[in-house]
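Enquirer: Got a predicted model here, sequence first, then my questions.
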Amino acid sequence: MKPKNLKHPFTWDERRPLIFDRVLFVPEYYDRHQEWTFPGWDHPDLFGKKGKILIEYCAGNGDWIIQKALQHPEFLWVAVEKRFDRVRKIWSKIHNHQISNLVVVCGEALMFTRFYLNSDSIEGVYVNFPDPWPKEKHAKNRLIQEPFILEIARVVKNEGTATFVTDHIIYSQQMIQEMLRISLWKSAFQEPHYVTDWQNYGTSYFDDLWRKKGYTIHYMNFINYKNK
């Protein structure tokens, strides 16, 4: 199965939420999400069964989550990626590796989380190498800010986790500050609230790229204590 075999299922004017062959399409610039009821992960074109859900946001080409889905078949994995060219690559790998416990969401992270995920329904979330928007004037576009943090606090179960990985030191500092401002989240690591080595965490295109350039990778892990 080649990436080009996955066609976009609607035109811009016809855009709507849609499930097709292991992909949930969440259209951008769309204001009617609340009119569509998500049928659940046991939909036959998604997992076809219920289970413990783990989500990777900013999944890129899917290298990291493909590894995890193969290594941990006891979980159901969801790759969230807004770029369709990358979604196609993940979809192709799912079929070529015959992976039954991985589906893809083609959509923006905050919008998907806000409108398509039930409260207390997710075991944990991962955000690997999100776009750092390095220019100060663009920093407002970073994903790890209060609106997204509150949404993942809502959907992640009590004592579930949120793990962030970045090579960008300034963004990592912002992630820590933003997470610790929300009382629902507690860092799993003592100050400075990150580690630079996480054995068997897994690799990805960006992980390999930044390591080759000599950058230090920062791993942050937070626990949701909403019921305490």
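Expert: Sure, I can see it. Residues are numbered from 1 along each chain as shown.
Enquirer: Could you chop this protein up by domain?
Expert: With domains defined by automatic domain parsing, the chain comprises 1-8+15-117, 132-228.
Enquirer: Am I right that residue 53 is in contact with residue 76?
Expert: Yes: with contact defined as CB atoms under 8 Å, residue 53 reaches residue 76; the gap is 5.1 Å. Where you see a C-beta, it was placed from the backbone N, CA and C, and this is true even at glycine.
Enquirer: list the residues that contact both of these two?
Expert: Applying CB atoms under 8 Å, 6 or more residues apart in numbering, one finds that residue 53 and residue 76 are jointly contacted by residue 41.
Enquirer: for the record, mean pLDDT for stretch 156-163?
Expert: Mean per-residue pLDDT for stretch 156-163: 97.
Enquirer: If you count neighbours, what's buried in it?
Expert: 156, 157, 160, 161, 162, 163 (16 or more other CB atoms under 10 Å).
Enquirer: Quick check: closest non-adjacent residue to residue 24.
Expert: residue 105 (4.8 Å; CB to CB, 6 or more residues apart in numbering).
Enquirer: Make sure I have this right: the one you found is in a helix.
Expert: No: under DSSP: H, G, I helix; E, B strand; the rest coil, residue 105 sits outside any helix and is assigned strand.
Enquirer: Check the gap between it and residue 219 for me.
Expert: 24 Å (CB to CB, to the nearest Å).
Enquirer: which one of these two has more residues nearby?
Expert: residue 105 (25 against 18; other CB atoms under 10 Å).
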